[in-house]
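Trainee: Okay, predicted coordinates and the sequence, questions at the end:
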Amino acid sequence: MTSRYSIFSLMRNAIGYHQGWQRAWRSPEPKPSYDAIIIGGGGHGLATAYYLAKEHGITNVAVIEKGWIGGGNTGRNTTIIRSNYLWDESARLYDKSLRLYEGLSQEINFNVMLSQRGVLNLAHNLHDLREISRRVNAIRLNGFDSEMLTTEQVQAMVPILDCSKDARYPVLGASLQKRGGVARHDGVAWGYARAADGYGVDIIQNCEVTGIVREGGKVTGVETTRGLINAPKVGIVTAGHTSHVAAMAGLRLPIESYPLQAMVSEPIKPVLDCVVMSGAVHAYISQSDRGEMVMGAGIDHFTSYAQRSTLAVVEQQMAAVIKLIPILSRLRLMRQWAGIVDTCPDASPIVSKTPVDGLYVNGGWGTGGFKGTPGSGWVFAHTMARDEPHELNAPFTLDRFTTGALIDEHGAAAVAH
Amino acid sequence: MFLIPCPWCGERDEEEFSYGGEAHIERPKDPDALSDAEWADYLFMRKNPKGTHFERWNHAHGCRRWFNAKRDTVTHVIEAVYKMGEEKP
Ligand SMILES: Cc1cc2nc3c(=O)[nH]c(=O)nc-3n(C[C@H](O)[C@H](O)[C@H](O)COP(=O)(O)OP(=O)(O)OC[C@H]3O[C@@H](n4cnc5c(N)ncnc54)[C@H](O)[C@@H]3O)c2cc1C
Ligand SMILES: [Zn+2]
């Protein structure tokens, strides 16, 4: 049983020289069968398991992770959270997620360090400005917070941004979502893991799913590197590996896997207290609590499953960033890395039943699924428990590619992170 | 640097090329006869394999010609390049 974290447990353990802390979750052997299996121990998979237990009373659940939990995109992303999406369907889903984030640390008794420091999306030309204003208006009509800032207001908020007239990327204005911000990515994975484990969910790491077992069009379990595990319900939540795992059940998906890269600088004193995003140059920048500048790029230009950074992208990215914020040119990069993101043609996720009975898929979150973690887990747990989507994810089915009811956030979201 | 061998120009830096996605997706011969599901498959569904991938490239900042490549999506090793219209190796 996990003990509650509190100021008292902190004091008690401080007196014991911090030798008495318990493991945050167990490391059980896989059982022969479960009521439900989640493939993929990223934030989305762990959140799904947590909400299956909490909201639907389904606790005989295993999360099967081929590496370590949070070692995929969850632990590789730049942690920007916002809900300022254009289309009604997206706005509702992402705002559900943001609202869950707002109460998450209390709810799961784990500090996910949500910092609602505000997210700016810059406009560099007239077209950007019109597009962003349109989006701000659409978001407000949906009842969510969003506002337009003038160049002067942006400059006052971010003094280090080059807002001069002759800037390489002039700043004509920006949208601001004050409720947006960042959170601690590992904290989200670990917090959900610990909370799910508390309900009895088995988190099984270092175990790769190698096959999806079916009988008469129905799922019966999964083949893994640690043997066969049976379950009548299986959810695929494997981000960049969604196509790869779905193909084990003979499914074809409208997903392509691309590397997405990010990097951090050496730490400096606080210079940036909000998140700055620029769709036009594909850059997004924030400053971590340790002082590092956290900078993300656009996706690489060809598909790949290699989780490696490349010089070409780092170069392009830095060229853009130092034009936006010239003082950064003096900083050294400390680390750079890549994650494999699962992109959909309409830049919207698939949270859906599949043609195989008992098999569900939650993928295609692409470059922007960290913000969606709680909402994704919440609607996917509903979908798996009830065998039908919640109204929030009903538009995000696999079917939309056949019916044509796409949710085209590509142009709409300016930059989709 | 990642070098890509253009069938016409030889090995060049990756930045000279643009990517054209999965190769050998044939445009439907009789579009009117297609069901919605077949359209969806043609337009949106992709193999996206982990491993060998047959794909299109354009030497955009070079000879500007299109060609096909057989590339491993994990190691990025290009096992073959071949011209448009040629059989896959
Ligand atoms: C550089 C970068 C920056 C990003 N920035 C942002 C951002 O600022 N804001 C934002 O909202 N989003 C961002 N994203 C996107 C975000 O990270 C993802 O959409 C999100 O984290 C996906 O979560 P997940 O749990 O689905 O995937 P993951 O965390 O990748 O989890 C999937 C898990 O499945 C496991 N798995 C795969 N195959 C198998 C198998 N066969 N058997 C068992 N396990 C398997 C993997 O090991 C992995 O741990 C960024 C992504 C990257 C790479
Ligand atoms: Zn050439």
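Mentor: Thanks, I have the structure now. Ligands and ions are numbered 1, 2, ... in the order given.
Trainee: which parts of the stretch 301-417 of chain A sit against chain B?
Mentor: For the stretch 301-417 of chain A, the contact set with chain B under Cβ under 8 Å from any Cβ of the partner chain comprises A:301-306, A:310-312, A:345, A:401-404. Bear in mind the C-beta positions are built from the backbone N, C-alpha and C, glycine included.
Trainee: rerun at 10 Å
Mentor: Within the stretch 301-417 of chain A, the residues that sit near chain B (Cβ under 10 Å from any Cβ of the partner chain) are A:301-308, A:310-312, A:315-316, A:340, A:342-346, A:398-404, A:406.
Trainee: Just the buried residues of those residues.
Mentor: A:302-305, A:307, A:310, A:312, A:316, A:340, A:342-346, A:398-402, A:406 (16 or more other Cβ atoms under 10 Å in any protein chain shown).
Trainee: taking these one by one, which sit in strands?
Mentor: When DSSP state E defines the strands, the subset of those inside them is A:I340, A:D342, A:T343.
Trainee: now those residues as CSV including distance to A:R184 and pLDDT?
Mentor: Output for these, formatted as CSV (distance: Cβ to Cβ, whole Å; pLDDT from 0 to 100):
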residue, distance to A:R184, pLDDT
A:I340, 22, 98
A:D342, 23, 97
A:T343, 25, 96
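Trainee: Residue of the stretch 51-200 of chain A nearest ligand 2, please.
Mentor: In the stretch 51-200 of chain A, the residue that lies nearest ligand 2 is A:R168 (30.6 Å; Cβ to the ion).
Trainee: The residue nearest the centre of chain A: helix or strand, and which one exactly?
Mentor: With distances taken as Cα atoms, centre = their mean, the residue of chain A nearest its centroid is A:F370 (1.5 Å). Under the criterion DSSP states H and E, no helix or strand holds A:F370.
Trainee: swap in A:V264?
Mentor: strand A:256-265.
Trainee: I'd like to know if the helix or strand following that strand reaches ligand 1 anywhere along the stretch.
Mentor: Sequence-wise, the next helix or strand downstream of strand A:256-265 (DSSP H and E) is strand A:275-278. No: judged by Cβ under 6 Å from any ligand atom, strand A:275-278 stays clear of ligand 1, getting no closer than 8.3 Å.
Trainee: Neighbouring strands of the following helix or strand past strand A:275-278 in the sheet, and parallel or not?
Mentor: The helix or strand immediately downstream of strand A:275-278 is strand A:283-287, counting by DSSP H and E. Paired strands of strand A:283-287, with direction, are strand A:275-278 (antiparallel), strand A:293-299 (antiparallel) (DSSP bridges).
Trainee: of all these, which lies closest to A:A249?
Mentor: For A:A249, the closest of those is strand A:293-299, at 26.4 Å, according to Cβ to Cβ.
Trainee: which other helices and strands contact the lengthiest helix in chain A?
Mentor: Longest helix of chain A, by residue count under DSSP state H: helix A:88-108. Where contact means 3 or more Cβ pairs under 10 Å, 6 or more residues apart in numbering or on different chains; DSSP states H and E, helix A:88-108 is packed against helix A:43-56, strand A:80-81, helix A:126-141, helix A:185-198, helix A:373-386.
Trainee: And for whichever helix or strand comes after the fourth one, what's in contact with it?
Mentor: Using DSSP H and E, the helix or strand that follows helix A:185-198 in sequence is strand A:202-204. Contact partners of strand A:202-204, identified using Cβ atoms under 10 Å, 6 or more residues apart in numbering or on different chains, comprise A:25-31, A:34, A:37-38, A:41, A:45-46, A:49, A:59-66, A:69, A:192-194, A:196-197, A:224, A:226, A:229.
Trainee: Please repeat the previous calculation with a cut-off of 7 Å.
Mentor: A:W25, A:P28, A:P30, A:K31, A:G41, A:A62, A:V63, A:I64, A:E65, A:I69, A:A193, A:D197 (Cβ atoms under 7 Å, 6 or more residues apart in numbering or on different chains).
Trainee: thinking again about what came up before, OK, contacts around the residue nearest to the centre of chain A?
Mentor: Counted by Cβ under 7 Å, 6+ apart, A:F370 has contacts A:G43, A:T74, A:N77, A:T79, A:I81, A:H185.
Trainee: at 10 Å what do you get?
Mentor: By Cβ under 10 Å, 6+ apart, A:F370 lies in contact with A:42-44, A:73-74, A:76-81, A:97, A:182-183, A:185, A:188, A:376, A:417.
Trainee: Can you pull the residues of the stretch 301-417 of chain A lying near ligand 1?
Mentor: Residues of the stretch 301-417 of chain A lying near ligand 1 by Cβ under 6 Å from any ligand atom: A:G339, A:V341, A:W365, A:T367, A:G368, A:G369, A:F370, A:K371, A:H417.
Trainee: Could you point out which of the residues you listed is nearest to chain B?
Mentor: Relative to chain B, the closest of those is A:V341; by Cβ to the nearest Cβ it sits at 12.0 Å.
Trainee: so of the strands paired with strand A:283-287, which one's packed in deepest?
Mentor: Of the strands paired with strand A:283-287, the one with the most neighbours on average (mean count of other Cβ atoms under 10 Å in any protein chain shown) is strand A:275-278, at a mean of 26.
Trainee: For that one, give the mean pLDDT please.
Mentor: Strand A:275-278 carries an average pLDDT of 97.
Trainee: cool, and stretch A:122-130?
Mentor: Averaging pLDDT along stretch A:122-130 yields 95.
Trainee: and what of stretch A:320-329?
Mentor: The pLDDT scores in stretch A:320-329 average 96.
Trainee: phi, psi of A:W337?
Mentor: Main-chain dihedrals, A:W337, degrees, to the nearest 10: phi -160, psi 180.
Trainee: Is it bridged to anything, and to what?
Mentor: Assessed by DSSP bridges, A:W337 has beta-bridge partners A:A262.
Trainee: number of nearby residues for it?
Mentor: 15 (other Cβ atoms under 10 Å in any protein chain shown).
Trainee: Excluding covalently adjacent residues, which one is nearest to A:G363?
Mentor: Among residues not flanking A:G363 along the chain, A:T242 sits closest, at 3.3 Å (Cβ to Cβ, 6 or more residues apart in numbering or on different chains).
Trainee: ok, now which ones touch the one you found?
Mentor: Shown in contact with A:T242 (Cβ under 10 Å, 6+ apart): A:39-40, A:236, A:251, A:253, A:255, A:257, A:340, A:342, A:344, A:349-350, A:361-365, B:48.
Trainee: Tell me which helix or strand it sits in.
Mentor: According to DSSP H and E, A:T242 maps onto helix A:242-246.
Trainee: Which parts of chain B are strands?
Mentor: For chain B, applying DSSP E gives strands covering B:3-6, B:10-13, B:18-22, B:52-58, B:66-72, B:78-83.
Trainee: got the residues of chain B near ligand 2?
Mentor: Proximity of chain B to ligand 2, by Cβ under 5 Å from the ion, involves residues B:C6, B:W8, B:C9, B:H59, B:G62, B:C63.
Trainee: and these, which are buried?
Mentor: Buried residues within the residues of chain B next to ligand 2, defined by neighbour count using 16+ other Cβ under 10 Å: B:C6, B:H59, B:G62.
Trainee: my read: the residue of the stretch 51-200 of chain A closest to ligand 2 touches A:V321, true?
Mentor: No: look at A:R168 against A:V321 with Cβ atoms under 10 Å: they stay out of range, at 11.2 Å.
Trainee: related to what we said a few turns ago, what is the nearest of the residues of chain B next to ligand 2 to B:D36?
Mentor: Nearest to B:D36 among the residues of chain B next to ligand 2 is B:H59, at 36.3 Å by Cβ to Cβ.
Trainee: contacting residues around that closest one?
Mentor: Counting by Cβ under 10 Å, 6+ apart, B:H59 makes contact with B:I4, B:C6, B:P7, B:W8, B:C9, B:R12, B:E16, B:F17, B:S18, B:R65, B:W66, B:F67.
Trainee: hang on, the third one packs against B:C63?
Mentor: Looking back up the chat, that one is B:P7. Yes: between B:P7 and B:C63 there is a contact at 9.3 Å, judged by Cβ under 10 Å.
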